[in-house]
Structures are given as C-alpha cells and as structure tokens.
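> Compute the structure for the input listed below.
(one chain, ligands or ions: 1)
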Amino acid sequence: MTGPLSQKLFAAAKEKTPGGVNSPVRAFRNVGGEPFFVRRAKGSRIEDVDGKTYIDYIGSWGPNILGHAPTVVTNTIHEVAKDGISFGIPNPFEVEMARTICEWVPSVQKVRMCSSGTEATMSAIRLARGFTKRDYIVKFDGCYHGHSDSLLVAAGSGALTHGEPDSAGVPKAFAEKTIVLPYNDVEALEKVFAEQGEQIAAIIVESYPANAGLVFPKPGYLDLLSSITKKHGALLIFDEVMTGFRLGKAGVQGIENLTPDLSCFGKVIGGGLPVGAFGGRADVMDMLAPIGPVYQAGTLSGNPLAMAAGLAQLKHLAGTGGEGAPNGFTRLEQLGAHFEAGLRSMLDAKGMPYRFNRTGSMFCLFFTDREIVNVNDVMKQDLELFKKFFWGCLDKGIYIAPSPYETGFLSLAHTEADLDDTLTVFDEVLKAI
Ligand code: PMP
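Numbering: from 1, shown residues only. Presented below is the predicted three-dimensional model:
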C-alpha cells in the first residue's frame, strides 16, 4: 500500500492523464497496485510524497548511473542553464559529445543526437532501410526497442513468424515488414536469411536483452548476427540504449569485441535529461539529411543542458571509482559482485529455485529453476511469488522494478551497506511469504 498523499495524487492523475501515468510501467499494474509519487531523490535513495524513503534499484530505468542528483551533474546543469536552455543552433557541447561517443565506442565513426531511445532506434531503422534500399528488418521476441511502429512487434513465442502488431494503431502492413525471431535460436536465424536474406535491411538486437528479464547470448550468437548480416549485405544494429556507457566505455560491443554497423544509445549519456543517439559507419551515417536522402530531425536534438549533463556524468564515470577502482565501471562491477555473492548465498541457504543473471551493475532475479535462454523461459517464472516479493520489499523500503520483466540497476551511489541491508530485507520478505 502506498501512502495517503500518493493515493490522492494518483486519483487526481487518473482524471487528467490516461491511466494516471506518462509511461505505462509506472502504473504498477504488473504487480496489481498503485504507484507511489516521488518528492525527491538523492544518491541511492528516493523519498516519496508521504515522507517514506526507499533504496532504489531502478535509477530512472537506467540513466542515473551515479545515483540520484549527483553534484557533478546538478552543478553542470545550473551553470549551463544560465547561458541558455535551448538554441536550435549548433552549440559546442554537441561537438564534445560526438567526439566522446566516437572515442569511447570505436565502431561509431559518426553520430547523430536525438531526444530518446525510441527516436534513436526508429531513426537507425529508417537509415538502414534507406542505405540498403530494402524493407524488411529482423528483431527478436522479447527485445524492446522503444515504441515506433516498426519495432512494436514481438509476435508469438518460439515460432518463426512475420510480425503482428503489439499495439492497436500499428498498421499490419508496417508490422509485416518486421520479422520476429526467437532469441538465441541459430536455426531460425539461418532459415530466415536463407529464405529472404536479400530483402533484409537490418537485424536490430538489444546487445544484451534486458527488457524481458536479463538474458545473455549463447556463445557465438552475437558473432553469428554479425557474420550473417555481412554475408547478406544487411546491417547489424546494436541497441545499446540500456547497456551503452553502463557496462563499460564501449558497452556490450566492447565486452564482446564486436563491430556493429550502427548502434543506438540513450539513458546514461543524458545524465537524466531526455537524450538519445545513434551512430556507426560513416558511409551509412552520411546518408542522413542534410547531406543524404534519409530524413531525420529534432527541435531539441543536441540540447545544451542534456549534452553538458551527459558529458559531466561520462567524465565522472571514466575518471573516478574510489578506492581500489580505477574508474566507475570497475567500482560498479565490485558492487555487483558483492550483491550477487550475498544474494546467492542467501537464496542457496533457503534451497528455493531461482536464477540470477548479472553483468556489472545490471541484474535480474528470476523465480524459476529453468535455464533462461529467451523470453519463453522468462514468462515461466512464479509471477504470484514475484508480486508478493515486490510489495514486501516496497513496504520495507526497497524499491525494485514493479514488474518481473525488468532489469535492476546499481549506481555508484550504492554502498556495500545498502546492498547488505537490501539482502536482509529480501531474506525477511521471502521468509514471510
Ligand atoms: N531500447 C532499449 C534497449 C530500451 O531499454 C529502451 C527503453 N527502456 C528504449 C530503446 C527506448 O528508449 P526511450 O524510452 O528513451 O524511448
């Protein structure tokens, strides 16, 4: 149960905003309840309007990698805002952001900024279609790439199908150009490329799928995506909106040593302000307007506050990790490993079935003993147990995602003590269930 002020605000919100929220997951419908409203947040903590505080494991769904309201970012925003908030004319921060992205992610030779992850993936798809002069794209069941028409297609599990829209309002004719495949299934991939490889503009994939639990590629799977696209003249688009600048300077492509043709970013590069970016091969990027035939634009693209906030966050991440950690990414891995070790020993002692996937500061706990290969396995977990777990944790001041399909995030503001306190709560809540 949320507090009285949150309840009052949610009732008022529902009168004027569909479902009371501006993005569906915030309505807490997957856990059968109502959301709390935030008054403020600092470091690893959120305080709600009723004065209750929570240790937060969402971090605004990814952007807040330094924790909430880090001074390096808030100071930058205050300073930069004094000189203006939006110009619609090029500003120097855009040049520095582009240079930084290209330097950190070697596959990106040129980059275009936009205002959300959805815009980044939507534009990358249009660009891939324009570059290859082909219409079909391949995506994977359970991968979320934002809500543009071509990508809002997930199709039935398992089978190799042509897309059915996931949402009313998406014309079937659009969705049909999206081929949905089961993730980690080599045979399905090879079959579709053998049959219609010459019509496929691109594969788009979440570099590590993290929107239907956190799922890892089988060894060699990402290499296959790379080689099969090359062989058939299609492009490989890595959606690193969630993983980019979180799992290391070069994201998953750095970890896996891969060179996608295009990559999409968002979240961490905006320091909590609205941002997206897509970039990659210069010959592909140069197809964009104003020098090429593929149109893409944005009133607030390259916004000085978002660029400066993002740059401040990235510099901090690269520069300081505290004691024993050369940079923020190393420190995040230390925190992640600490959390994982504690969680595993607690759950193993209980003898309960679970799976736990983690990489760096991203993690997902599944209440199932199935091996997690793709979204089919994620759907098989004990959802009723998850709901009880979620509300039990929230009640005791731990905020994990209000859905069993979301990935959790650690930030540099979390401490080992926060993580240990969280595990104590997990233990108590599971005992009570
Ligand atoms: N791609 C991925 C992998 C994402 O996780 C998300 C958002 N969670 C998006 C794209 C869309 O980003 P946005 O919500 O900023 O439009």
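
> Please list the residues outside stretch 333-341 that contact it.
Residues from elsewhere that reach stretch 333-341, judged by CB atoms under 8 Å, 6 or more residues apart in numbering: 324-325, 356, 358-363, 410, 414, 416, 419, 422-423. No exception for glycine: its C-beta is placed from N, CA and C like everyone else's.

> Stretch 381-396 now?
By CB under 8 Å, 6+ apart, the list of residues contacting stretch 381-396 reads 1, 31-33, 36, 54, 366-368, 370, 399-400, 402, 404, 425-426, 428-430, 432-433.

> and Ile46, that's in a helix?
No. Looking at Ile46 with DSSP: H, G, I helix; E, B strand; the rest coil, it is strand, so not inside a helix.

> Can you turn the buried part of the contacts of stretch 381-396 into a ChimeraX selection?
To isolate the buried ones among these in ChimeraX, judged by 16 or more other CB atoms under 10 Å, type:
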select :31,33,36,54,366,367,368,399,400,402,404,425,426,429,430
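
> Now intersect the contacts of stretch 381-396 with the helices, please.
Cross-referencing those against helices under DSSP state H gives 425-426, 428-430, 432.

> returning to that earlier point: now, of the contacts of stretch 333-341, which are buried?
For the contacts of stretch 333-341, buried by 16+ other CB under 10 Å: 325, 358-363, 410, 414, 419, 422-423.

> burial of whatever residue of the stretch 51-200 of the chain ends up closest to the ligand, as a residue count?
Among residues of the stretch 51-200 of the chain, the one nearest the ligand by CB to the nearest ligand atom turns out to be Gly117. It sits 2.2 Å away. The local packing of Gly117 (other CB atoms under 10 Å) involves 29 other residues.

> That one contacts Ala277, correct?
No. Applying CB atoms under 8 Å, one finds Gly117 not in contact with Ala277, separated by 9.2 Å.

> if I look at these two, which residues touch both of them?
264-266.

> which is the next helix or strand following the helix or strand bottoming out on mean pLDDT in the chain?
The weakest-scoring helix or strand in the chain, judged by mean pLDDT, DSSP states H and E, is strand 161-162 (a mean of 48). From strand 161-162 onward toward the C-terminus, using DSSP states H and E, the following helix or strand is helix 172-175.

> ok, back up a step: and the contacts of stretch 333-341, which two are the farthest apart?
Greatest spatial distance in the contacts of stretch 333-341: Gly324 and Phe356, 24.5 Å, computed using CB to CB.

> How about stretch 403-418 and the ligand, any contact?
No. Stretch 403-418 lies out of reach of the ligand by CB under 6 Å from any ligand atom, never closer than 8.6 Å.

> Enumerate the positions of the helix or strand where Val73 lies that are buried.
Using DSSP H and E, the element containing Val73 is helix 71-81. Buried residues in helix 71-81, counting neighbours by 16+ other CB under 10 Å, are found at 72-74, 76-77, 80.

> Which positions within the longest helix along the chain qualify as buried?
Secondary structure of the chain per DSSP H: the longest helix is helix 328-350. Residues 328-329, 331-336, 338-339, 342-343, 347 are the ones in helix 328-350 that count as buried (16+ other CB under 10 Å).

> Ok, stretch 40-60 next?
41, 43-50, 52-60.

> Pull the number of nearby residues for Ile85.
Counted with other CB under 10 Å, Ile85 comes out at 12.

> got the phi/psi numbers for Phe278?
Main-chain torsions, Phe278, degrees, to the nearest 10: phi -140, psi 140.

> cool, Gly280 as well?
phi 160, psi -140.

> same check, this time on the one 3 residues further on
Asp283 has phi and psi values of phi -70, psi -30 when expressed as degrees, to the nearest 10.

> Contact residues of the stretch 151-300 of the chain facing the ligand?
Checking the stretch 151-300 of the chain against the ligand by CB under 6 Å from any ligand atom, the hits are 206, 211, 239, 241-242, 266.

> ok, Thr229 touching Thr259?
No. Look at Thr229 against Thr259 with CB under 8 Å: they stay out of range, at 11.2 Å.

> Those two - which one has more neighbours?
Thr229 (23 against 15).

> Name the nearest residue to that one, sequence neighbours excluded.
Leu236 (4.4 Å; CB to CB, 6 or more residues apart in numbering).

> residues near that neighbour, how many?
26.

> How about the contacts made by Gly408?
Neighbours of Gly408 in contact, by CB under 8 Å, 6+ apart: 57-58, 362-365, 400-401.

> Show me the beta-bridge partners of it.
Beta bridges link Gly408 to Phe363, judged by DSSP bridges.

> ok, it to Asp166 distance?
24 Å (CB to CB, to the nearest Å).

> coming back round to it: quick one: which of the contacts of stretch 333-341 is nearest to Pro106?
Out of those, the member with the shortest distance to Pro106 (by CB to CB) is Gly360, at 19.4 Å.

> Any stretches of the stretch 301-433 of the chain with poor pLDDT?
Scanning the stretch 301-433 of the chain for pLDDT under 70 picks out 320-325.

> In the stretch 201-350 of the chain, what residue comes closest to the ligand?
Val241 (3.5 Å).

> that's a helix at that residue, yeah?
No. Val241 is assigned coil when assessed by three-state DSSP, not a helix.

> That one contacts Val268, doesn't it?
No. Using CB under 8 Å, Val241 is not in contact with Val268, being 9.2 Å away.

> okay, and the common contacts of the two?
Gly62.

> hmm, back to that, of the residues of the stretch 151-300 of the chain next to the ligand, which count as buried by neighbour count?
For these, buried by 16+ other CB under 10 Å: 206, 211, 239, 241-242, 266.

> Lowest-confidence one in those?
Lowest pLDDT among those: Asn211, with 90.

> That residue reaches Tyr405, doesn't it?
Yes. Between Asn211 and Tyr405 there is a contact at 6.9 Å, judged by CB under 8 Å.

> Following the chain onward from the helix or strand hosting Ala194, which element is next?
Assigned by DSSP H and E, Ala194 belongs to helix 186-196. Once helix 186-196 ends, the next helix or strand along the chain (criterion: DSSP H and E) is strand 200-206.

> What are the buried residues along that following strand?
200-206.

> now stretch 225-240: how far from the chain's centre is it?
Offset of stretch 225-240 from its chain centre (CA atoms, centre = their mean, to the nearest Å): 20 Å.

> scratch that, stretch 295-308
Distance, centroid of stretch 295-308 to centroid of chain: 20 Å (CA atoms, centre = their mean).

> Quick one: end-to-end length of it, please.
By CA to CA, to the nearest Å, the extent of stretch 295-308 from end to end equals 26 Å.

> Residues contacting it, please?
So stretch 295-308 is in contact with 76-77, 79-81, 83-88, 90-91, 93-94, 96-97, 112-115, 119, 123, 126-127, 270-271, 273-275, 288-289, going by CB under 8 Å, 6+ apart.
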